[in-house]
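Asks: Just a sequence and a predicted model for now, questions to come.
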Amino acid sequence: MKLSREFTFDAAHSLSHYPAGHANTRVHGHSFRARVTVEGLPDAHGQIVDLEKMGALLQDMHERLDHQMLNEIDGLEQPTLENLCLWIWGALQTPLPQICAVEVFRDSLGQSCLYQGSQHVR
């Protein structure tokens, strides 16, 4: 059984791996949506995870990312969708051991990245 919860954040970044003059090398911003999914069987209370606890963890993620320059956050020096998924996963895997997926969306561009933990290299 899987249960998901989402949070949003607006943030700026730049991507230095593009050639000089490319639009993505300049500071620009996006509205992001992140979905965090946990997996397991319901406990004696009928829940995989306490939704209030999960909500508080996601509120903390929102506060750490919202209206920030992502490149300035430790571990997000190259803030691609892929690295955002890995960073959120890394921040949540200890306090939320039931985590099984993180997906980050840039809805206005029709883009998303899904990480399910099987290839974690950090």
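Replies: Perfect, thanks for sending it.
Asks: Who does the closest residue to residue 8 other than its chain neighbours form a beta bridge with?
Replies: With sequence-adjacent residues excluded and distances taken as CB to CB, 6 or more residues apart in numbering, residue 8 is closest to residue 33, at 5.0 Å. Placement of C-beta: from N, CA and C, glycine included. Beta-bridge partners recorded for residue 33 (DSSP bridges): residue 8, residue 105.
Asks: Quick one: residues contacting residue 33.
Replies: Taking CB atoms under 8 Å, 6 or more residues apart in numbering, we find residue 33 in contact with 6, 7, 8, 104, 105, 107.
Asks: Longest helix in this structure, please.
Replies: For the chain, the helix that runs over the most residues, judged by DSSP state H, is helix 51-65.
Asks: Just the buried positions in whatever helix or strand comes next after that helix, please.
Replies: Once helix 51-65 ends, the next helix or strand along the chain (criterion: DSSP states H and E) is helix 81-92. For helix 81-92, the neighbour count (16 or more other CB atoms under 10 Å) marks 81, 83, 84, 85, 86, 87, 88, 89, 91, 92 as buried.
Asks: Next, count neighbours for residue 9.
Replies: When neighbours are defined as other CB atoms under 10 Å, residue 9 has 20 of them.
Asks: This completes my enquiry, with thanks.
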